[in-house]
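Student: sharing a model prediction with you, sequence too.
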Amino acid sequence: MAKRERVVRMSVEQPLWRALTGYRVLTMVYAVLLVAFGRERYERPWIAVVYLTVLCCWTLATLPKVANAASCTKRFLGADLTVALVGILLTPLADAQAQSVDGPTLPSIWTAGAVLAYAIKGGWRWAGVASSLVAVANIVERGHPSRDTFHNVLLVWVASIAIGYVVEVARASERTLARALEIEAATRERERLARDIHDSVLQVLAMVQRRGTALGGEAAELGRMAGEQEVALRTLVAGGLTRPSLVSEDESEGAFVRVVEVDDEPDDDTPVDVRVLLAPRAGSRVTLSEPGAPVLLPPPAARELVGAVGAALDNVRVHAGEDAHAWVLIEDWPDEVIVTVRDDGPGIPEGRLAEAWGEGRMGVALSIRGRLRDLGGSAELISVPGQGTEVELKVPRGKAGEK
């Protein structure tokens, strides 16, 4: 996929680099012709000849540097802009009348190529810095800001910043396209895997569940376990990144306990998808509703949020009864991630939480609210006797990675 992203980016940026290469050569020739046809006005023509010799050698020798973004390093950009600025400042030494008569500088419009290299490489901010330095050099060279000087400087400044902004937008579009292609490829692979599994394993598990339920007794328990594994396997196919393990003996006693292996310990600070971490918790009595796009959080915040959701589901299993059903809703907002856990149990009697705190049973306070408080978020619990319980977990994006 990284190779695909490079190919897509090449289609957008490479023409700009090729155009810049041609521009530098053409403007180099133009600067030489200006001096050649106007040599009579130079009091010290040898300064112009020496500078243009250096300019030509530099331009031709550094053509590979402007072939692509990788070759155009920061060191080269600094040296390239220095060549342009030195040429501007040397103009009054070669032409004593340069400050009184508006005329071209020694590098002339070749200077714009150095600024455009900044724009293509680093975007509009780099272009703004480079064009500002060129503006200062032109003002120093003229001795006073004239109308023509202001016009030329403004033209370079606006054009370079506009090109830099366009490059940034193009790169953002490329990243979005690469991500879309990656998701599309993963989706096709999951669909292929789902078809293969559906024709074999899932059908067998579904048959065991139906037969076991019909037979009753111990066979019914085996059927229920087969149903749980069918749901886990469907979750694996849908999520692609979770690896459910075999059912443990403890799991057979409750529908809300599932032993899973999830790769929730990334080696770096790359954001992880909360949907993937919560997918193993879905089952026959836990319904997971999620957005179609990844819900990304820093790994520490994602782990704490998933831990809080697990604590809420444990409370459902323990207090709402084995027949209770839970619904987990994931919402992805620009400034926060919200996960809501709701059940259809009997609800929490009024004053029960305060009583549990007095008894030293602080699961809700520590396992849920404590986790969210450490992330700068919040946990709100709403319970009506006879109408179930709802826990709303909020994690702000701005503070989610500070833990």
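Tutor: Everything's here; your move.

Student: pLDDT at V231, what is it?
Tutor: Predicted confidence (pLDDT) for V231: 71.

Student: go on, E390?
Tutor: For E390, pLDDT reads 90.

Student: that one contacts S383, correct?
Tutor: Yes. In this structure E390 lies within contact range of S383 using Cβ atoms under 8 Å: 7.2 Å. (Each C-beta comes from the backbone N, C-alpha and C, glycine too.)

Student: which residues do the two both contact?
Tutor: Shared contacts of E390 and S383, defined by Cβ atoms under 8 Å, 6 or more residues apart in numbering, are not found at any residue.

Student: measure the spatially closest residue to E304 that is not a sequence neighbour to I382 for me?
Tutor: Excluding its sequence neighbours, the residue lying closest to E304 (Cβ to Cβ, 6 or more residues apart in numbering) is R371, at 4.5 Å. Per Cβ to Cβ, to the nearest Å, R371 is found 19 Å from I382.

Student: more neighbours: these two, which one.
Tutor: R371 (23 against 14; other Cβ atoms under 10 Å).

Student: wait, a helix at that one?
Tutor: Yes. Assigned with DSSP: H, G, I helix; E, B strand; the rest coil, R371 falls within a helix.

Student: can you map out the strands along the protein?
Tutor: If DSSP state E is used as the criterion, the strands of the chain fall at 242-244, 260-262, 272-273, 286-289, 296-297, 326-332, 336-343, 378-383, 389-396.

Student: picking that back up, and the residue nearest to E304, what pLDDT?
Tutor: At R371, pLDDT is 81.

Student: please shift the residue numbers so they start at 735 in all later answers.
Tutor: Understood, numbering begins at 735; the last thing we discussed is R1105.

Student: so it makes contact with A1036?
Tutor: No. The criterion here is Cβ under 8 Å, and R1105 misses it with A1036 at 11.5 Å.

Student: one step back: same list, the strands of the chain, but as CSV with distance to L819 please.
Tutor: Formatted as CSV, the strands of the chain follow (distance: least, Cβ to Cβ, whole Å):
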stretch, distance to L819
strand 976-978, 57
strand 994-996, 56
strand 1006-1007, 47
strand 1020-1023, 60
strand 1030-1031, 43
strand 1060-1066, 48
strand 1070-1077, 48
strand 1112-1117, 55
strand 1123-1130, 46
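
Student: nearest to A846 among these would be which one?
Tutor: strand 1030-1031 (40.3 Å; Cβ to Cβ).

Student: show me what that closest one is packed against.
Tutor: Applying 3 or more Cβ pairs under 8 Å, 6 or more residues apart in numbering; DSSP states H and E, one finds that strand 1030-1031 contacts strand 1006-1007.

Student: closest one to Q748 among the strands of the chain?
Tutor: Closest to Q748 of these is strand 1030-1031 (Cβ to Cβ; 30.3 Å).

Student: please identify the pairing partners of the closest one and their relative orientation?
Tutor: Strand 1030-1031 has the following strand partners under DSSP bridges: strand 1006-1007 (antiparallel).

Student: what's the average pLDDT for the strand it pairs with?
Tutor: Averaged across strand 1006-1007, the pLDDT comes to 90.

Student: from the chain's centroid, how far away is that strand?
Tutor: 11 Å (Cα atoms, centre = their mean, to the nearest Å).
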